[in-house]
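**Student:** what's the 3D shape of this:
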Amino acid sequence: MRGSCQILAAWFLACAPIWAQTSMAELTEFKVERKDNSLLLNAQVRLELGPVIEDALIKGLAIHFVAEAEVMRDRWYWYDRKVGTAIRHYRLAYQPLTRRWRVNVSSDPIAHSGVTNSLSQSFDSLQDALGVVRRQTGWRLAEMADIDFEARQYVVYRFKLDVSQLPRPFQIATGNQPDWRLEITRNMRLTFDTVR
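**Tutor:** Next up, the predicted model:
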């Protein structure tokens, strides 16, 4: 019995680095606030890329993330009404010639053919580049005049690795790999107390 426990413990210790190296995403901060007659969103994502995605980046594959937030008003007679929205598309790529990481940010999808309608920044390390993707600060979701605290309203936040932007062969290959399924969805009911 004792020998089998030692073997099991050794197996867990051997597998721990493998488990620690998988991709993961979780929401660590999610709040809305009132500022200058606008409803603003602040969100922070804990995002770690596994070795499979890092290897794809090093080999020249750009990956895309999408962060989106919507203010919705409940309607019993129809679909909920969208009061406001904010969306950002991120493109993360490694540039082997300069050995730098580039992040493009846009409110529209970033096409494969070019990144002309986006803001671009370069970084020395992957962690610095991911810092841009991890934080959504001061997003304007709606005007306060559009928010009715007498009605039932909520904010929906979504963050995901957008595999639809990958080349078609990669889309098929990543279908059943957990490293490529990074997705977060969170809802928060809007009340007078939650909006400060």
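**Student:** how far away is residue 183 from residue 157?
**Tutor:** From residue 183 across to residue 157, the span is 12 Å (C-beta to C-beta, to the nearest Å). Where C-beta positions appear, they are placed from N, C-alpha and C, glycine not excepted.
**Student:** The two - which one has more neighbours?
**Tutor:** residue 157 (23 against 11; other C-beta atoms under 10 Å).
**Student:** can I assume the more buried one is in contact with residue 44?
**Tutor:** No: assessed by C-beta atoms under 8 Å, residue 157 is found out of contact with residue 44, at 11.1 Å.
**Student:** what sits in contact with each of the two?
**Tutor:** Common contacts of residue 157 and residue 44 (C-beta atoms under 8 Å, 6 or more residues apart in numbering): 27, 30.
**Student:** What are the contacting residues of stretch 88-97?
**Tutor:** Contacts for stretch 88-97 (C-beta under 8 Å, 6+ apart): 57-58, 60, 62-68, 100-110, 115, 118, 122, 126, 129-130, 132-133, 136, 139, 162, 165.
**Student:** cool, and stretch 66-82?
**Tutor:** 39, 41, 43, 45, 83-90, 133, 136, 139, 141-142, 146-148, 151-160, 162, 190.
**Student:** ok, of the contacts of stretch 88-97, which come out buried?
**Tutor:** 57, 62-68, 100-106, 110, 115, 118, 129-130, 132-133, 136, 139, 162, 165 (16 or more other C-beta atoms under 10 Å).
**Student:** Inside helices: which ones of the residues you listed?
**Tutor:** Counting by DSSP state H, those place 57, 129-130, 132-133 in helices.
**Student:** Which residue comes closest to residue 177 once chain neighbours are left out?
**Tutor:** residue 52 (6.8 Å; C-beta to C-beta, 6 or more residues apart in numbering).
**Student:** so residue 34 touches residue 195, yeah?
**Tutor:** Yes: using C-beta under 8 Å, residue 34 is in contact with residue 195, at 5.2 Å.
**Student:** More neighbours: the two, which one.
**Tutor:** residue 195 (17 against 12).
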